[in-house]
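# from the sequence below, what's the structure:
(2 chains)
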Amino acid sequence: MRTIRRPTSNFTGSYAADPSAVLAPPSLRTEPYLSDSSVQAPLLTCEAVEKRYGEFRPALMSLDFAIGRGEFVLVQGPAGCGKSVLLRLLAGLEAPSAGAIKIAGEDLARMRPRALAQLRRSMGILPPGYSLLRGRSVVENVALAAWVAGSTLEEGMRRSRAALELVGLDVQRYGAAGCDELASGQQQCAALARALVNRPALLLLDDLLTPLDEATGARLIGVLDQFSAAGVTVVVAMRTGAALTTSPAPWPARTRILRLLDGKVAQ
Amino acid sequence: MAGPYTYLAAARWEGCPVSYTTSRLSAMSEALRRTFGRPIEFGLVVASSATMLASLALVALTLWRALPLEQPPWMRPQALVLAAGAQGEIDLAAVQSALRRVATVASADFLARDAALAELAQRKSLSAIGLTDLRPNPLPDAFLVRFVAGAAPEAVEAAVAEMRKVKNVESVEYQPELYRRISLLSQLAGRVGLLLAAPLAAALVIGFSLAASLWVHVDRDEVRVLNLLGADPSVMRRPYVYAGATSLLVAAALAWWMVAAASAWLDPMIGSAAQEYALRWAAQAPPIWVGALFCLGAALLGAVLGSLAARVAIRR
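Reported below is the predicted structural model:
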C-alpha cells in the first residue's frame, strides 16, 4: 500500500487578490498523491459496488464506473435512489458491502482509518443538511478544515476568509457571526467554503443547491467549474426535479451526468 | 509552525492567544475544561461513581481480608466418640480406622485422656469452676470426629448412627439440632446473598454505565464534522480518553478515601466479632500501593471507556 503524504502548509502567497487563484491551483502541488496529472488512470473507480443495510433491498447495486481527473460529474436521481449513500462510500465514510471503490488506485476498504482520514483531508466533502458546528463562528467553522489539515491558526483564518469570499459570503459582515445566525442558503455557502478551504483534489458535494436560490446556485456552479477546469474532480449529487437540474444552462457544458435509479446506474 | 493541529481548543475570532501547535497538551486542557467546566454536574457524577467504586472496593477488600474463606470450626459438624476401654485394653488404632471409613467423616483424631485434660484446662470457664475435681474421676479415651464441611445433616446423623455400631465404641456425643439449625441458617444466608447479589451487581453495572456516559460526554456533532474533515481518529479520541481517565481517577481517589473511612470506623467491631466467632480476619489495612493501584486501574478503565465512547461516536 502506498502511503499518503499528509498535506503540507507551504502556501505563502496572498489570499486577498484573487481567491480562486489562491485556492485551486496550489492543491495540485501540495497533494501529489491525488493530483498527479501525469497519471492517466482514473482518479476514482467503482467496481461492482453494492451497499446493503440489513435485510432490506440493497441501497446500491452493481455500480461500475470511473471518474477521471478534472471531471465534473452530476449524480442525479429521485429521492432514495442512493445518491447520498454513494457519496458517503466515495468519501470513505462507509464501506461497501461488496465490490471495491478505488481512489487513485487505492482500495478504500483496505486503507487503515488513519490513512483514510489523511486521504479525506484532500477531499472537500459537503454532506446533506446542516453540517456546521453550532457555537462557533462562520470563519472558525471554515478554518477548522484547514486546522485539521495542519494549518497554523493564522493560515487557517486567512484561507477561511479567502474561501468565504470565493463563495460570496461577506467576511466582514458574517465572519464573526455564529453559524446559527445565518440563513440556510448562507449556511450552505459556508459549508461549501469549508469544503474548498484545503484546496482539495476531489470535491464530493451532496444536495448542494437545495437551499440556494437560482442565482446563488448558478454562481457556485461557476466557482466549481473553475476548480474543475484547474484539475479538481467535482462530483455533485442532486435530486431529480430540484432547482437547476431541469435547466441545464448553469452546468458546465462538459458535465457528465450519472443517473441513479433504485440503486443502479440508469444510463 | 505547521505543527499538529488541535481542533478542540476554543478558538476565538482573531487574535486568539490559544496555541494551535500543541496536541496532547491542548487535548488535556480541553479534557480538564470539559471535566471541571461544569462543577455541579461533575461533583454529582464523581460522587455517584465513587460510591459505586467504593462498594466494589469494600466487597473486594472484605473478601481479601477474610480469605481463605472457610467455615469456622464451630460451624462444622463434629462428634465426640468415647472408647469403651483405655489404651492397652482395646485396639484404639482399629477403632480410629473404623471411624475414618464411615461416610462423610473427614477426620477422626485420637484424644488421649491427658490431652483432653490439658485442653479442658485451657478453658477459663472450666478452670474457674475447679478443674481439679475431674482429676480423680478418670476420663475415657476419645476420638474427635470431624465431618466433611457442608455435609447434609441427615447424612451426618446417619454417620453418627453407624459410628455407634462400631466395635469398642461406648457412646457418640453429637447434637443434631445444633447442626441442623446452623446448616439451615447458612443455606438461607447463601440464597439470600445470591438473590441480593444479582440485582446489586446489575444496579452497579447500570449505574456505572450511566455515570460513564456522563463523564465521557461526547459531542457527536463535533466528532461527525471532524471525521468528515479527515481528523486523525486517535487525536479525535484523545480528549475523551483524558476526560474519562481524569474523572475516574478523581472518583477512585474519593472512593478509596470512603473505603478507608469506613474501614477505620468498622474495623475494631469486625475484628472483635471475628475473634469471637473464630473467623479469619486480617487485622492489617491494605498497604498504600493497593490504593495507588486501585486509582491507576480506575483511571485506565476511564480512559478505555472514553476511547470506546468516542469510537462509537466516530463510527455512527
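# per-residue pLDDT, residue A:172?
You'll see residue A:172 listed with a pLDDT of 90.
# who does residue A:98 form a beta bridge with?
Beta-bridge partners for residue A:98, by DSSP bridges, are residue A:50.
# which residues touch it?
When contacts are counted by C-beta atoms under 8 Å, 6 or more residues apart in numbering or on different chains, residue A:98 touches A:48, A:49, A:50. Where C-beta positions appear, they are placed from N, C-alpha and C, glycine not excepted.
# among those, name the buried ones.
The neighbour count (16 or more other C-beta atoms under 10 Å in any protein chain shown) marks residue A:49 as buried among those.
# and the contacts of residue A:98 as JSON lines, adding pLDDT?
What follows is these, written out as JSON lines (pLDDT from 0 to 100):
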{"residue": "A:48", "pLDDT": "92"}
{"residue": "A:49", "pLDDT": "92"}
{"residue": "A:50", "pLDDT": "91"}
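# pick the one among the contacts of residue A:98 closest to residue A:225.
Sorting the contacts of residue A:98 by how near they are to residue A:225, with C-beta to C-beta, puts residue A:49 at the top with 27.4 Å.
# poorly predicted segments of chain A, please.
For chain A, the stretches with pLDDT under 70 are A:1-40, A:241-249, A:267.
# do the same with the stretch 51-200 of chain B
By pLDDT under 70, the low-scoring segments of the stretch 51-200 of chain B are B:85-88, B:116-117, B:119-139.
# can you give me the helices in it?
B:92-101, B:113-122, B:124-129, B:153-164, B:176-215 (DSSP state H, counting those that start in this stretch).
# nearest to chain A, out of those?
helix B:176-215 (20.1 Å; C-beta to the nearest C-beta).
# figure out how far the closest one is from the centre of its chain.
12 Å (C-alpha atoms, centre = their mean, to the nearest Å).
# quick one: buried residues of that helix?
Buried positions in helix B:176-215, judged by neighbour count with 16+ other C-beta under 10 Å: B:179, B:180, B:182, B:183, B:204, B:208, B:211, B:212, B:214, B:215.
# for those, which one is nearest residue A:107?
Distance to residue A:107 across those (C-beta to C-beta) is lowest for residue B:212, with 36.4 Å.
# would you confirm that the closest one contacts residue B:303?
No: Residue B:212 is beyond contact range of residue B:303, at 11.7 Å (criterion: C-beta atoms under 8 Å).
# mind putting the buried residues of helix B:176-215 into JSON lines with distance to residue A:165?
Below are these laid out as JSON lines (distance: C-beta to C-beta, whole Å):
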{"residue": "B:179", "distance to residue A:165": "92"}
{"residue": "B:180", "distance to residue A:165": "92"}
{"residue": "B:182", "distance to residue A:165": "88"}
{"residue": "B:183", "distance to residue A:165": "87"}
{"residue": "B:204", "distance to residue A:165": "57"}
{"residue": "B:208", "distance to residue A:165": "51"}
{"residue": "B:211", "distance to residue A:165": "48"}
{"residue": "B:212", "distance to residue A:165": "45"}
{"residue": "B:214", "distance to residue A:165": "43"}
{"residue": "B:215", "distance to residue A:165": "42"}
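# can you add distance to chain A and give those back as a markdown table?
Converted to a markdown table, the buried residues of helix B:176-215 look like this (distance: C-beta to the nearest C-beta, whole Å):
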| residue | distance to chain A |
| --- | --- |
| B:179 | 61 |
| B:180 | 60 |
| B:182 | 58 |
| B:183 | 55 |
| B:204 | 33 |
| B:208 | 28 |
| B:211 | 26 |
| B:212 | 23 |
| B:214 | 20 |
| B:215 | 21 |
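# of these, which is the nearest to residue B:266?
Ranked by distance to residue B:266 (C-beta to C-beta), the buried residues of helix B:176-215 are led by residue B:204 at 20.5 Å.
# return the residues in contact with that closest one.
Residues in contact with residue B:204 (C-beta under 8 Å, 6+ apart) are B:52, B:55, B:56.
# 6 Å instead, please
Applying C-beta atoms under 6 Å, 6 or more residues apart in numbering or on different chains, we find residue B:204 in contact with residue B:52.
# how far away is it from residue B:248?
With the distance defined as C-beta to C-beta, to the nearest Å, residue B:204 ends up 15 Å from residue B:248.
# next, the residue lying closest to residue A:208 once chain neighbours are set aside: phi, psi?
In this structure, residue A:208 finds its nearest non-sequential neighbour in residue A:236, 5.4 Å apart by C-beta to C-beta, 6 or more residues apart in numbering or on different chains. The phi/psi pair for residue A:236 (degrees, to the nearest 10) reads phi -120, psi 130.
# who's residue A:236 bridged to?
Beta bridges link residue A:236 to residue A:74, residue A:205, judged by DSSP bridges.
# and for it, the neighbour number?
For residue A:236, the neighbour count with other C-beta atoms under 10 Å in any protein chain shown is 25.
# please tell me I have it right and it contacts residue A:206.
No: between residue A:236 and residue A:206 there is no contact, the gap being 8.1 Å when judged by C-beta atoms under 6 Å.
# could you dump the contacts of residue A:98 to TSV with distance to residue B:70?
Listed next are these as TSV, based on distance: C-beta to C-beta, whole Å:
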residue	distance to residue B:70
A:48	67
A:49	65
A:50	63
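# out of the contacts of residue A:98, the closest to residue A:170 would be?
Taking C-beta to C-beta as the measure, residue A:170 sits nearest to residue A:49 out of those, at 41.4 Å.
# can I assume residue A:47 sits in a strand?
Yes: looking at residue A:47 with DSSP: H, G, I helix; E, B strand; the rest coil, it is inside a strand.
# look up how far residue B:175 lies from it.
Separation of residue A:47 from residue B:175 (C-beta to C-beta): 85 Å.
# those two: which is more packed in?
Shown here are residue A:47 and residue B:175; by other C-beta under 10 Å, residue A:47 has more neighbours (16 against 11).
# show me the contacts for the more buried one.
With C-beta under 6 Å, 6+ apart, residue A:47 has these contacts: A:99, A:100.
# still on that earlier bit, looking at the helices of the stretch 51-200 of chain B, which is nearest to residue A:155?
Comparison of the helices of the stretch 51-200 of chain B against residue A:155 by C-beta to C-beta identifies helix B:176-215 as nearest, at 35.0 Å.
# quick check, residue B:27 in contact with residue B:236.
No: taking contacts as C-beta under 6 Å, residue B:27 lies outside contact range of residue B:236: 9.5 Å.
# count of neighbours near residue B:259?
Residue neighbour count, defined by other C-beta under 10 Å, stands at 23 for residue B:259.
# helix or strand: which one has it?
Per DSSP states H and E: residue B:259 is located in helix B:233-276.
# ok and that helix relative to helix B:176-215, angle-wise?
Between helix B:233-276 and helix B:176-215, the angle comes out at 160 degrees (axes from the mean of the first three to the mean of the last three C-alpha atoms, to 10 degrees).
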